[in-house]
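K.L.:
A predicted structure for the sequence below; I have some questions about it.
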Amino acid sequence: MSLASDIEKLNSKTGLRQLVNNETFSIGKTLRYVNYELRLEALQEELIKLQNWVTTNKKKVVIIFEGRDAAGKGGAIRRITEHINPREFRVVALPRPTEEEIGQWYFQRYVNQLPKAGEIVLFDRSWYNRAVVEPVNGFCTEEEYEIFMGQVNAFEKMIVESGVIFIKFYFSISKEEQAKRFEEIKKDPLKKWKFSDVDAKAQELWDVYTDYKKRMFKRTNTKTCPWIIIKANKKGKARLEVIERILDIIPYEPKNEALIKPVVPKVEEVENVD
């Protein structure tokens, strides 16, 4: 970047606001923030085009977001949906199942949330609760866990074969970063409601989560429905990468090929992921 370009960015509304709010008055930090905001805005404009293509062509899209507590799934979803038409997408974050739902086939309440033609559905956690969160915390039996693991690949294959564009993300953070984010959440009066009983045990059960996560990857990282790993210790970078991945994978038109960096490799190895 040229000096003139940097000066222009610093003199923008975003740049000046960031300089005022930046306690250390760091030029470098401000420029990084402005570059992030400019990149995010350009990608969000492209998401509007993607949604128009989905709607016009009656496509169906499912994107699931998994990862440890405080990994940044919700923040990424908010950046994805910030400027697209709220009538043509849904964010699904299901609560604990009711007594009636407990008596149903496990996938049934998720089937009820799948998209209609022309709709994008984003799952903030999904049926993969049964692969990690439930067995770690004793919310399901070993038999229920094994039944789920034996059915999930076939279930996802049916979704894809029915014409749904299906993407699944896993947000990976370190144990230290999770602890840091938990402390920030607990200290913030506007966010502390997010800290749950499950969150309170997450650090203590870190290694157990890791074991079940590895099992999940080994058995469900299929050619038809691969996991896409997002390194999420840096929130801004993770948010941009998720949007870039979505824009790269979904074959919408017209696509700004110069803006969208092809992601290589398309599917990362899932071993040794936090």
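P.N.:
Cool, the structure landed. Residues are numbered from 1 along each chain as shown.

K.L.:
quick one, what contacts L114?
P.N.:
K60, V62, V121, I159, V164 (CB atoms under 8 Å, 6 or more residues apart in numbering). In this view, the C-beta of every residue, glycine as well, is placed from N, C-alpha and C.

K.L.:
repeat for F123
P.N.:
The neighbourhood of F123, defined by CB under 8 Å, 6+ apart, consists of V62, I63, I64, F65, V92, A93, Y110, Q113.

K.L.:
and the fifth one, how many neighbours does it have?
P.N.:
Taking other CB atoms under 10 Å as the criterion, the count of residues near V92 is 18.

K.L.:
that one touches Q113, doesn't it?
P.N.:
Yes: counting by CB atoms under 8 Å, V92 touches Q113, with 4.7 Å between them.

K.L.:
which one of the contacts of L114 has the most neighbours?
P.N.:
V62 (23 neighbours).

K.L.:
helix, strand or coil for that one?
P.N.:
Here V62 is recorded as strand under DSSP: H, G, I helix; E, B strand; the rest coil.

K.L.:
ok, the one 4 residues further on next?
P.N.:
Assigned state for E66: strand (three-state reduction, three-state DSSP).

K.L.:
next, count neighbours for it.
P.N.:
23.

K.L.:
do the same with N85
P.N.:
So N85, with other CB under 10 Å, has 12 neighbours.

K.L.:
hang on, S126 packs against I64?
P.N.:
Yes: between S126 and I64 there is a contact under CB under 8 Å: 4.1 Å.

K.L.:
low-scoring pLDDT stretches of the stretch 1-150 of the chain, where are they?
P.N.:
1-28 (pLDDT under 70).

K.L.:
okay, helices next: where are they in it?
P.N.:
Assigned by DSSP state H, counting those that start in this stretch, the helices in the stretch 1-150 of the chain fall at 3-10, 13-21, 27-56, 73-81, 99-102, 108-111, 133-137, 142-161.

K.L.:
thank you kindly, that will do.
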